[in-house]
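Engineer: Model the structure of this input:
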Amino acid sequence: MISIGAAIIAKDNEKTIFDTLDSVKDICKQIVIVDTGSSDKTSEISLKFGAEIHYLLWNDNFSEARNYAINLMRTDWILIIDTDEIISSFAYDEFISIVNNSKCGAINVKIENLLENGLISEHFYPRIIKNNSNIKFIGAIHEQISESIQNIGFTIEKSSFVIEHSGYKTTNKEKINRNKSLLEKQLQESEDDWTKYHLANTEFSNNNYIKAEYLYNEIENSIELSPLQIENVKLKLAQIYLSKNEFEKIENKLSFVSNDINNEGFKNYLLIVKSLSTKEIEKSEELLKNNSIYFSNLVDKNQIQKIKEIIPKIKKYSH
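Structural biologist: Take a look at the predicted model:
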């Protein structure tokens, strides 16, 4: 029987790790926790789920901790999951069907980032990997594994599996500042657009729009980033321009058509806000007919309802 285990790095996660372990306990034959310095009940809770606890001195390097964890795994396949995540959709039959392909080295999983106000951002990432000594993470932060998998001739296959990530539901200044420090250090060592992209997102989250705008402008036409990441750059720039009332710059940034319903809907929502700000009421009404805004997980539907209610008042006032 093909086995799967969970490799987890943790530090002071007693508030969230129970849900993580509860979501994997019936899926995973082995659970490894690499604790990088907890002073709470993280290890105590983990032991109740039969997890193996190992300790590693934190060295400001996520790849080092992740690789330490996967080296301890004895299962055929390894689920990479964090302590603010749960695996919410997994089917063993589908898993077996995928890994029976001898060329498969990893499985892409949909990551649903739960945001404030019930919004969700999504991306796909190889979170289930073959237990192979040549598959390793690289990068001190926002660590990557795809290159390692493909360099040895393996493929990354699609799945319907879903991991829910709750870490973005509230703003964690300590985490943001930690990430910023690690990304700045990584950028000094190797100046690449991938690191700039994540540093820009970190600065944006920290409301440092001046630095974020500078970095986004540098990578807007990058060939290193995926089409979705380029769209996210343009969406972030449009939000920055909205905050500065630089409305004339927004249309140009949002001239793309996205194949992703979430990005397409959010783009049209930003165009509605821009049109209302510049008193282009008819344009706002036309954009409200676009179905993408109602299907996008990035659009607050309560805000759409408020816009619908305020448009007649604006029209009445303008007359």
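
Engineer: Ala200 and Asn172: what is the separation?
Structural biologist: 18 Å (CB to CB, to the nearest Å). All C-beta spots, glycine's among them, are computed from the backbone N, C-alpha and C.

Engineer: So which of these two has more stuff around it?
Structural biologist: Ala200 (26 against 14; other CB atoms under 10 Å).

Engineer: Could you tell me whether Lys279 really is in a strand?
Structural biologist: No. Judged by DSSP: H, G, I helix; E, B strand; the rest coil, Lys279 forms no part of a strand; its state is coil.

Engineer: so how many other residues sit close to it?
Structural biologist: By other CB under 10 Å, the residues close to Lys279 number 10.

Engineer: Now do the strands in the stretch 151-300 of the chain.
Structural biologist: Secondary structure of the stretch 151-300 of the chain by DSSP state E, counting those that start in this stretch: the strands cover 155-157, 162-165.

Engineer: Could you identify which of those strands is most buried?
Structural biologist: Stretch with highest mean neighbour count among the strands of the stretch 151-300 of the chain: strand 162-165 (a mean of 19; mean count of other CB atoms under 10 Å).

Engineer: Return the list of helices and strands in contact with that one.
Structural biologist: Here strand 162-165 touches strand 85-89, strand 104-114, going by 3 or more CB pairs under 8 Å, 6 or more residues apart in numbering; DSSP states H and E.

Engineer: contact partners of it?
Structural biologist: Taking contacts as CB atoms under 8 Å, 6 or more residues apart in numbering, the residues outside strand 162-165 that touch it are 81-82, 84-90, 109-114, 127.

Engineer: which regions of the protein sit below the pLDDT cut-off?
Structural biologist: 318-319 (pLDDT under 70).

Engineer: the domain parsing of it - what is it?
Structural biologist: 4-165, 173-318 (automatic domain parsing).

Engineer: So what would you say the end-to-end distance of the longest one is?
Structural biologist: The one in question is domain 4-165. Chord length of domain 4-165, first to last residue, is 21 Å (CA to CA, to the nearest Å).

Engineer: how far does it sit from the chain's center?
Structural biologist: 14 Å (CA atoms, centre = their mean, to the nearest Å).

Engineer: Equivalent analysis for stretch 228-245, please.
Structural biologist: 17 Å.

Engineer: Pretty sure Arg277 sits against Glu248.
Structural biologist: Small correction: residue 277 is Ser, not Arg. No. Contact criterion CB atoms under 8 Å: Ser277 and Glu248 do not qualify, at 11.3 Å.
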